[in-house]
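Student: Structure, please.
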Amino acid sequence: MGKEKKQKEQPCPSIIERKTGRLIQEEEYGQKAIYFLYHHFLGRLLLKMIFARPYFSFLRGLYYNSFLSKKEIAPFVEKYGLSKELLKKKYQSFGEFFSRKEAVYLREAGKLPFYASASGKVLAYKIDEEGRIILPPGVQKESAGKKENFHFLPLEIKGNFYSIEKILKAPCPEFLKGGTLLIFRLSLPDYHRYIFPAEGKLLRTKKIKGRLDSVRKEAAHFKAFSENKREVSLLELTGMGKILHVEVGAMLVGHIHNHMELKTFSDKGDQNKKKNLGEKTTIFDRGNQQTFRFTAGEEKGYFSLGGSTIVEMLSDKIVIDEDLFENTKKGLETKLEIGERIGYGKA
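Tutor: I've put the predicted structure just below:
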């Protein structure tokens, strides 16, 4: 009886490893503390007054970027089963270890491949012709007594609704309608550098200020996406049209570091055509006016210490692999590796 109760209390697997098809349950770093902060009155008060404030992240960063934090590297590698080879490198701090640079290999090239921008857990949704986020066909929902083969987001979480408009703090651009939305959730053991998913040009950028909140499930990620500090980039991918790439900061993340100063060039032709790009000026009214060329797999930037999230909004010119949608419909996140092919351009 006791054994049955124990089995019952174990959480169901919520992640599927794409490489092996194995179902896994991820153990979150500081899971009990996160649960307390989001599910208890005192915890929510402390979160609002202290832990979600930028100064707390700054103070934690001071420690993790000091030599005093080196002692935490070995236990971390052991706890999460990371490669023991990492212990052979002489990192000066846990922060340096966390934001380490590793070789990235692009896999399964093919024609106009679209690659995973980061290592992490992915959810895939469709964007309908009205700019609403929906679960793909096959998920039935009761509406006014009728069964419909879709489920609209924004999600209602603790009385709040979240959508593309709240993520961007602007209307959904026309070029995204009929496209796809991908959410890459990076937890602490994941590699925290990210790449460009295909070759192309970075056209505009915008920083959106916000508080640092957790992007874990207990924090209800759609709320975090609409309120956290984030950086929005408008990319034009060769043969795939335009996409929006959004880096989202989270609790204990010091900064989002992008390498936009690399490979800069002046392209007046593209700047003159910006009014024809289809983006709403309310998204990029103060964005970067220069254009930057990049190659597929080139590093775009990295996150400082903490769990983080990347949201990518794609046009209908990019076809994302069906297994990502199928897993999302089943309530499963798909565990991917950076540089893995997850779709292709139609052109």
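
Student: Any figure for the gap between R132 and P197?
Tutor: As judged by C-beta to C-beta, to the nearest Å, R132 and P197 stand 24 Å apart. C-beta here means a position set from N, CA and C on the backbone, and glycine is covered the same way.

Student: contacting residues around S93?
Tutor: Shown in contact with S93 (C-beta atoms under 8 Å, 6 or more residues apart in numbering): Y64, N65, S66, F67, L68, S69, K70.

Student: what about 7 Å?
Tutor: Y64, N65, S66, F67, S69, K70 (C-beta atoms under 7 Å, 6 or more residues apart in numbering).

Student: Alpha carbons only: can I get stretch 200-213 in PDB?
Tutor: Provided in PDB are the C-alpha atoms of stretch 200-213 (Å, rounded to 0.1, in the frame of the first residue of the first chain):
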ATOM      1  CA  GLY A 200      20.600  35.600 -43.100                       C
ATOM      2  CA  LYS A 201      20.600  39.200 -41.900                       C
ATOM      3  CA  LEU A 202      19.700  40.800 -38.600                       C
ATOM      4  CA  LEU A 203      17.600  43.800 -39.500                       C
ATOM      5  CA  ARG A 204      16.400  45.500 -36.300                       C
ATOM      6  CA  THR A 205      16.600  45.000 -32.500                       C
ATOM      7  CA  LYS A 206      14.700  46.200 -29.500                       C
ATOM      8  CA  LYS A 207      15.200  45.800 -25.700                       C
ATOM      9  CA  ILE A 208      12.200  45.600 -23.500                       C
ATOM     10  CA  LYS A 209      12.700  46.300 -19.900                       C
ATOM     11  CA  GLY A 210      11.000  44.200 -17.300                       C
ATOM     12  CA  ARG A 211      11.500  42.400 -14.000                       C
ATOM     13  CA  LEU A 212      13.500  39.100 -13.700                       C
ATOM     14  CA  ASP A 213      11.000  36.300 -13.000                       C
END
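
Student: ok, of the contacts of S93, which one's closest to K84?
Tutor: Ranked by distance to K84 (C-beta to C-beta), the contacts of S93 are led by K70 at 16.3 Å.

Student: what's the closest residue to the closest one other than its chain neighbours sitting at in phi/psi?
Tutor: Nearest non-adjacent residue to K70, counting by C-beta to C-beta, 6 or more residues apart in numbering: S93, 6.1 Å away. S93 has phi and psi values of phi -160, psi 170 when expressed as degrees, to the nearest 10.

Student: rewinding a little: quick check on R132 and P197: which one has the bigger neighbour count.
Tutor: P197 (29 against 18; other C-beta atoms under 10 Å).

Student: I believe that one is in a strand; please confirm or correct that.
Tutor: No: read with DSSP: H, G, I helix; E, B strand; the rest coil, P197 is coil and lies in no strand.

Student: Phi and psi next, for it.
Tutor: Dihedral angles of P197 (phi, psi; degrees, to the nearest 10) stand at phi -80, psi -10.

Student: Can you say which helix or strand has the closest residue to R22 other than its chain neighbours in it?
Tutor: Residue nearest to R22 in three dimensions, not counting chain neighbours: I16, with 7.3 Å by C-beta to C-beta, 6+ apart. Per DSSP states H and E, I16 falls inside strand 15-17.

Student: Residues contacting that strand, please?
Tutor: L23, I24, E26, K121, N327, L332, E333, T334, K335.

Student: Alright, that wraps it up for me.
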